[in-house]
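[1] My questions concern the predicted model and sequence given below.
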Amino acid sequence: MRTLETIDFRTRYGATETNGLAAGEMQAILDSIDEDRTTYWSDPDLWRIFRLRLISDPGFPYWDVSYCYGTLRDGTNVRVSLPFSQLPKRRWRAEIVRYAKQDKVYARGIGILDETVVSMLV
């Protein structure tokens, strides 16, 4: 079982975060993930993405994908493998849609564009 160190990145490193979670909420997510399964975002069994974490440095023009978690149709929470590891800071949503079209994924339908799903840490 993974554990989460209780570090407040915003205070310790002066980072700015949008849509952050408290340490307890993040630990609950980690505890719910089936560590033996990873699914690709085009898997028809993927029902919804519930967390996409993007991180970057100030002045750097790209977001790095830290992690992506989703729920399968049977209710299992899993890590989701994406076809990208970086996205441009400008037009990142459009870039996700571009990748989705290539993979025949309905990005809005699986929730990856939902503001409550995406967390950004700079």
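    It's in. These figures come from a predicted structure and were not determined experimentally. Numbering: from 1, shown residues only.
[2] Sketch out the strands for the chain, chain order is fine.
    Remark: strands assigned in the chain by DSSP state E are 17-18, 33-40, 46-55, 62-72, 77-81, 86-88, 118-121.
[3] Quick one, which of these gets closest to Ala107.
    For Ala107, the closest of the strands of the chain is strand 46-55, at 9.1 Å, according to Cβ to Cβ. Quick note: C-beta positions are derived from backbone N, CA and C, even for glycine.
[4] Which residues does the closest one contact?
    29, 39-41, 63-73, 77, 80, 87, 92, 110-112, 117-122 (Cβ atoms under 8 Å, 6 or more residues apart in numbering).
[5] what angle do that strand and strand 33-40 make?
    Strand 46-55 runs at 100 degrees relative to strand 33-40, counting by axes from the mean of the first three to the mean of the last three Cα atoms, to 10 degrees.
[6] What subset of the contacts of strand 46-55 is buried?
    39, 41, 63, 67-72, 77, 80, 87, 92, 110-112, 117-122 (16 or more other Cβ atoms under 10 Å).
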